[in-house]
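Colleague: Sequence plus predicted model, see below.
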Amino acid sequence: MSYLMTKLGDVVKRIRSKNAGPFWITVDIFCGDLKVFNLVRNTITTSMVLQLTKAPAKALKRFELEDLRVVKFSFHRQEIQGSRGDRDMHGAQIANLFLELDIKVFV
Amino acid sequence: MSTRVLVPSGVLGLGFDSQALKRGLELRPDIICIDGGSTDSGPFYLGTGSSKYAHEIYKSEWRELMIARERGGIPLVLSSCGTCGTNSMVDWMYELTKEIAKSLKQNIKVALLYSDQSIEYVTEAFNARKLSELNPAPKLNNEQLSKFSNIVALAGAEQITEALNTGADIILAGRATDTAIIAALPLKNGDSSGGAWHGAKIAECGAFCSTVPNSGVILVDFDSTGFTVEPMALEARCTPDSVSAHMLYENVDPFILYEPGGYLDVTNATYTALSDRKVRVEGAKWVPSADYTVKLESAYVSGYQTITMVIVRDARYVKDIKVWVAKLTKFLIKKIEINTDLFLNDYSLDFHLIGINSALGELETEVIYPVEVGVQLVVTASNQKIATELSKLINPYILHFPLTDTEPLPTFAFPYSPAQIDRGAFYEFGLNHVMSLKEPMDCFQLKLHELSYD
């Protein structure tokens, strides 16, 4: 069984992130088809996301919407929107962390 | 009973397709609803009670909507006036409405719904344990409460219905939930409550639930079993995917949405294409709560800031920019200690490295060296004078600080003179709480005005 290393963004249709209010960020991974959806739900573990976002474990929500082929993560913002430490008012750039995430795809 | 709602766009100020609006009006809607703001753009607007978009934009869009309203002979509702929905912003939209009504010779009834909360009222509620924390919530005490420059409660469908019941032609509401103004009339008419709230959520961003988000205008029909949604721009289409995907948008949970008085559950919602551009949605459930609560928002002055930017193009410095910042910071802290009477917790120095990790900070995983780095320093202090003076003190060092002691002093690039820009008061959000009310109108005010320009 061989595999190749690729980036999550190369496998899925689209990834977006946005504030869900001033205290949370929500990330939507649009997988496109069922095959990719299953790949994503099996490959992207919750602990990978916790490591990537440094979100507290008890404040990470995970949703797998098969009908839409979307895997969704919602988590506490590291900094409250607009606070002194906030770097991104709309929370939309954090999607890039997911787009560039290295994943192993078994072929 | 069925209710037809026309939504010109997701927010007043973002524009809408005039042809699409015309087409929507021809389909004889019962009401025109448009949202005026959100917390999307940060705490400044609520902190200062000001609006985000240019005045001329508001003027031209509102004028077009007031003309449409008159043509349709139906109510026009705007919520969260002026981005933040404070009383001052409701009044500002009212002045604009009067000005336009006068120029168009419109005789109209205007209802104003106010959402401001006084510090006294909220403090009393806080001490009477009527406030509950949402997750996560800033720590609250009487002292913190006293600092808030503005506090608003988010109106729900109940308060909007009170305004509708005045028979007003135009309703200008302060801060409200994104969905309240759209759900209000269908609920009042006895349409399915699950459908009313679900359709309101799908419609609140206008054509974002369609294939052409920028086209703005959509039409929603509410009835006893659900709702039907269709975009008014001919090139746009609503599909089951585009509509169901909208529950994901800016929501923590794609299935559950909390509103005053309960929550919407769309777990069992079904989305069916009626044509290649129209979607039928059924199966949403509205679950009323025992306690009636409204969400509160507030902002306060957290400090004053001055920004200095220097561009570092030297390849050697770019490669070691983080080390450079660490050394510079250490040096500056010492210099400030020696030359001022400020303590470490009287100010903060925040360096953002544009080109390295400015957008993502410590989360950044990519390590590449760009051609240059924009070193942005934000100085925060308790008043503007201190922030400015510290920035002046820092100025020669951020311009000339060497990586080592034994090399000639570098000179980086300031893009403009003076190098520092005073930003003024810096605001932060202060609440993530709900307040319980005995009656929905307990903390809101309604005023009715009659304008006559014959």
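Modeller: Alright, I've got the coordinates. Residues are numbered from 1 along each chain as shown, chains lettered A, B, ... in the order given.
Colleague: Measure how buried the residue in chain A that chain B sits nearest to is and give me the count.
Modeller: Proximity of chain A to chain B (CB to the nearest CB) peaks at residue A:82, 3.8 Å away. All C-beta spots, glycine's among them, are computed from the backbone N, C-alpha and C. Applying other CB atoms under 10 Å in any protein chain shown, we find 22 residues neighbouring residue A:82.
Colleague: which residues touch it?
Modeller: Taking CB atoms under 8 Å, 6 or more residues apart in numbering or on different chains, we find residue A:82 in contact with A:22, A:89, B:42, B:43, B:44, B:427, B:428, B:429.
Colleague: and with 10 Å instead?
Modeller: Neighbour list for residue A:82: A:19, A:22, A:89, B:39, B:41-44, B:46-47, B:299, B:302, B:426-429 [criterion: CB atoms under 10 Å, 6 or more residues apart in numbering or on different chains].
Colleague: swap in residue B:214?
Modeller: By CB under 10 Å, 6+ apart, the neighbours of residue B:214 are B:9, B:10, B:14, B:15, B:16, B:17, B:206, B:207, B:208, B:233, B:236.
Colleague: For chain A, give me its nearest residue in chain B.
Modeller: residue B:42 (3.8 Å).
Colleague: ranges for the strands of the stretch 1-150 of chain B?
Modeller: B:3-7, B:31-35, B:76-79, B:108-114, B:131-133, B:148-153 (DSSP state E, counting those that start in this stretch).
Colleague: wait, residue B:36 sits on residue B:8?
Modeller: No: using CB atoms under 10 Å, residue B:36 makes no contact with residue B:8, being 11.7 Å away.
Colleague: Just the buried residues of the contacts of residue B:214.
Modeller: In terms of neighbour count (16 or more other CB atoms under 10 Å in any protein chain shown), the buried residues within the contacts of residue B:214 are B:9, B:10, B:14, B:15, B:16, B:17, B:206, B:207, B:208, B:233, B:236.
Colleague: Show me the beta-bridge partners of residue B:299.
Modeller: Residue B:299 has these beta-bridge partners by DSSP bridges: residue B:150, residue B:429.
Colleague: Share the number of residues neighbouring it, please.
Modeller: Using other CB under 10 Å, residue B:299 has 29 other residues around it.
Colleague: ok, it - contacts?
Modeller: Residue B:299 touches A:22, A:82, B:39, B:42-49, B:84, B:86, B:147-152, B:427-431, counting by CB under 10 Å, 6+ apart.
Colleague: Quick check: beta-bridge partners of the residue lying closest to residue B:27 once chain neighbours are set aside?
Modeller: With sequence-adjacent residues excluded and distances taken as CB to CB, 6 or more residues apart in numbering or on different chains, residue B:27 is closest to residue B:219, at 6.0 Å. Under the criterion DSSP bridges, residue B:219 forms beta bridges with residue B:6, residue B:230.
Colleague: hey, where'd the helices end up in the stretch 201-350 of chain B?
Modeller: Ranges of helices within the stretch 201-350 of chain B are B:240-244, B:315-319, B:321-339, based on DSSP state H, counting those that start in this stretch.
Colleague: Most tightly packed of those?
Modeller: helix B:240-244 (a mean of 21; mean count of other CB atoms under 10 Å in any protein chain shown).
Colleague: What are the contacting residues of that one?
Modeller: A:30, A:65, A:67-70, B:198-199, B:202-203, B:207-213, B:227, B:229, B:231, B:236, B:254, B:266, B:269-274, B:277-281.
Colleague: Mark which of the residues you listed are buried, thanks.
Modeller: Buried subset of the contacts of helix B:240-244 (neighbour count, 16+ other CB under 10 Å): A:30, A:65, A:68-70, B:198-199, B:202-203, B:207-213, B:227, B:229, B:231, B:236, B:254, B:266, B:269, B:271, B:277-281.
Colleague: quick one on the thing from earlier: and the helices of the stretch 201-350 of chain B, which one's lowest on average pLDDT?
Modeller: Among the helices of the stretch 201-350 of chain B, helix B:240-244 carries the lowest mean pLDDT, a mean of 94.
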